[in-house]
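[1] Have a look; sequence and predicted model below, questions after that.
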Amino acid sequence: MNNKYSCWSLILSCFLRLFYKVNSFWIHLCYFVSISFVGYLALRLSKPRSAPYFSPKNLDLFFTSVSAMTNSSMSTVEMEVFSNFQLIVMIILMSISGEVFMSWLELQIKSKFPRKKSIENDKIELGFASFSSPENENSNSNSNTTSSGKNSKPSSSDNSIRILCFVILGYLFVFHVAGISLSLLYITLVGSAKEVLKTKGLQPLTFSVFVIVSNFSNTGFVPTNENMIVFKKNSGLLWILIPQVLLGKTLYPSCLRLVIWVLNKITRRAEFEYMLRNHKEMGYPHLFSGVHSYFLGATVFGFLFVQFVLFCSLEWNSEAMDGLNFYQKVVGSLFEVVNSRYTGESVFDLSILSSAVLVLFVVMMYLPPYTLFLPRIYQEKDSGNCKQKENEKKGFVESLILSQLSYLVMAIIIICITERDNIENDPLNFNVLNITLEVISAYGNVGFSTGYSCKRQLKTESSCKDTWYGFVGRWSTGGKLMLIIIIFFGKLKKFNMKGGKSWKLS
């Protein structure tokens, strides 16, 4: 038994040393790359629905796995190619990479193995490690708190972090179950939606789970070739999906604080009060102050209102709205602008939208998820500690890091070079605006794409066939690999948000 405990203690010690001492960027990168590779193997070893007539290439399967794991929904093959088992694999990839789940996992690890415990575990000698009893742990913790005095955190902090883990887990569970139930109920009751799934050969339960997980994780994959275009007249289904998009990403901090506030009013527990009053001490980056949560919500709805007004004014009588009544146009337009930030599902063909709308979408996709308007008064209150950190001397290598926009410009230039033959021979499809939208969409992990149209070819190819996958599906191997790098860069962009500050432009 001692050898068994020694082995587990060694593994735990190595894990905690890695978790606390290695830069978080490398931990996240290894997590996404390794599981993307596992997802690729699962997709590769399972047979697609289209077999034996068509089987996706290895690069396309890896691209799909990366896109699902990074919540990007960039596609190089049509979705109806995948079998029911492969769709389940994609559901797993999307669910374990969503922002809410990832933040819960990190908080869970920190709550179970605080930093001070990891230091103590590092001091355990090999061969003599053993687990102490709960009584000893309690006595040790009591002695530590009495001896450390003011430097130690109050016990309410640890309890609040543990309870916060349950709150986040409940947040995930409730909204997923509610969304899946409502989606399944709608499909069962509405004949047109049920008929679409029957025609596509999709199971209602698989479809409901897939779209809810995809929307809540802000991935944007839909198991139909046409994405949500085939459901653009099913306004009820769109209303079910819109809250999932907002609750899983842009409005998550505001909604989480609202949930904690409600629980505090109902239970009157000290832990919830502690969370609301000491959000910084919780060590959870998605728990904002009351003021920040309010202005974040106001900013999100402000962006939606501006986009909705511009989209309706420019596209109300366009080809994209053909066949829709007034109510369907309103709901479809709202769904489209909601998805322009981080989800990427679409009820309209982006290739026929006006250039002004596409540029607006590019700007929205570039913005970080928690972009908010905060009056200067509240900024000055929180700038005390930040100014000290910014004034610290940085190394020469760290000073060379460029801004996000600089790397995106480089990426667009590189892709224009790799696709220079297509740009020359097929300029209407391979124009700079379409390439820019694809790159920013990959960086923002959104998934919007103008696609490819054989009708826009200057030199018509008899073998050309219109397909329902993204524009990147027509790119060269070099272009696809470059976009994979951009997707990972976008997923990990939070680690480089302050890059480029060493460069002075004036």
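    Perfect, thanks for sending it. Residues are numbered from 1 along each chain as shown.

[2] which residue packs closest to Ile229, ignoring adjacent ones?
    Val347 (5.7 Å; Cβ to Cβ, 6 or more residues apart in numbering). C-beta: built from backbone N, CA, C; applies to glycine.

[3] Assign a three-state SS to Phe175, would you?
    Secondary structure assignment for Phe175 (DSSP: H, G, I helix; E, B strand; the rest coil): helix.

[4] What confidence value was assigned to the residue nearest to Ile229?
    We have a pLDDT of 95 for Val347.

[5] Now it, what are its backbone angles?
    Val347 adopts backbone torsions of phi -110, psi 0, taken as degrees, to the nearest 10.

[6] do you know how far it is from Cys255?
    Taking Cβ to Cβ, to the nearest Å as the measure, Val347 falls 24 Å from Cys255.

[7] Look at the two and report which has more neighbours.
    Using other Cβ atoms under 10 Å as the criterion, Val347 and Cys255 rank with Val347 on top: 25 against 18.

[8] and the host helix or strand of Phe63, what does it pack onto?
    Following DSSP states H and E, one finds Phe63 within helix 58-69. Helix 58-69 sits against helix 24-45, helix 84-95, helix 477-491, with contacts defined as 3 or more Cβ pairs under 8 Å, 6 or more residues apart in numbering; DSSP states H and E.

[9] Let me have those helices in TSV, adding mean neighbour count as columns.
    Formatted as TSV, these follow (neighbours: other Cβ atoms under 10 Å):
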stretch	mean neighbour count
helix 24-45	16
helix 84-95	20
helix 477-491	20
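
[10] thinking again about what came up before, centre of the chain versus the helix holding Phe63, how much separation?
    Computed by Cα atoms, centre = their mean, to the nearest Å, the chain-centroid distance of helix 58-69 equals 16 Å.

[11] contacts for that helix?
    Contact partners of helix 58-69, identified using Cβ atoms under 8 Å, 6 or more residues apart in numbering, comprise 32, 35-37, 39-40, 43-44, 56, 72-77, 90, 93-94, 97, 219, 221, 447, 472-473, 477, 480-481, 483-484, 487-488.

[12] rerun that using 6 Å as the cut-off
    32, 35-36, 39-40, 43-44, 73-74, 76-77, 90, 93-94, 97, 480, 484, 487 (Cβ atoms under 6 Å, 6 or more residues apart in numbering).

[13] Which parts of it count as buried, going by neighbours?
    60-69 (16 or more other Cβ atoms under 10 Å).

[14] and which of the residues you listed is nearest to Leu314?
    The closest of those to Leu314 turns out to be Ser67 (Cβ to Cβ; 29.1 Å).

[15] low-scoring stretches of the stretch 251-400 of the chain, by residue?
    The stretch 251-400 of the chain contains residues with pLDDT under 70 at 380-400.

[16] pLDDT-wise, which helix or strand of this protein ranks last?
    Using mean pLDDT, DSSP states H and E, helix 134-148 stands out as the lowest-scoring helix or strand of the chain, at a mean of 44.

[17] now the helix holding Phe63 against helix 24-45, angle please.
    On the basis of axes from the mean of the first three to the mean of the last three Cα atoms, to 10 degrees, helix 58-69 is oriented at 130 degrees to helix 24-45.

[18] residues contacting Ser50?
    Val81.

[19] same thing but 8 Å
    80-81.

[20] do Lys280 as well
    Contacts of Lys280 (Cβ under 8 Å, 6+ apart): none.

[21] any idea how far it lies from Val177?
    If you measure Lys280 against Val177 using Cβ to Cβ, the figure is 32 Å.

[22] just Glu336 next, same as before
    Counting by Cβ to Cβ, the gap from Glu336 to Val177 is 27 Å.

[23] And Asn218, by the same measure?
    From Asn218 to Val177 the distance is 18 Å (Cβ to Cβ).

[24] The two - which one has more neighbours?
    Asn218 (31 against 11).

[25] Outline the domain layout of this protein.
    According to automatic domain parsing, the chain comprises the domains 2-133, 163-366, 402-496.

[26] Find the nearest non-adjacent residue to Asn434, please.
    Thr450 (4.9 Å).

[27] what residues are up against the residue nearest to Phe303 when sequence neighbours are not counted?
    Leaving aside its chain neighbours, Phe303 sits nearest to Met364 (6.8 Å; criterion: Cβ to Cβ, 6+ apart). Met364 makes contact with 303, 307, 340-341 under the criterion Cβ under 8 Å, 6+ apart.

[28] where does Met364 fall, phi/psi-wise?
    phi -60, psi -40.

[29] got it, and Asp349?
    Per-residue torsions, Asp349: phi -80, psi 110 (degrees, to the nearest 10).

[30] ok, now how distant is the residue lying closest to it once chain neighbours are set aside from Lys194?
    Leaving aside its sequence neighbours, Asp349 sits nearest to Ala320 (Cβ to Cβ, 6+ apart; 6.2 Å). Distance, Ala320 to Lys194, using Cβ to Cβ: 25 Å.

[31] Who are the contact partners of Trp104?
    Trp104 sits next to 165, 168-169, 172 when contact means Cβ under 8 Å, 6+ apart.

[32] now do 10 Å
    98, 164-169, 171-172, 284, 286 (Cβ atoms under 10 Å, 6 or more residues apart in numbering).

[33] Likewise for Cys464?
    For Cys464, the contacting residues are 426, 452-455, 457, 474, by Cβ under 10 Å, 6+ apart.

[34] Out of those residues, which is nearest to Gly290?
    Scanning the contacts of Cys464 for proximity to Gly290, where the rule is Cβ to Cβ, the winner is Tyr452, at 47.5 Å.

[35] what's the neighbour count on the residue nearest to that closest one when sequence neighbours are not counted?
    Nearest in space to Tyr452, with sequence neighbours left out and distances taken as Cβ to Cβ, 6+ apart, is Arg474 at 4.6 Å. By other Cβ under 10 Å, the residues close to Arg474 number 19.

[36] Understood, closing this out.
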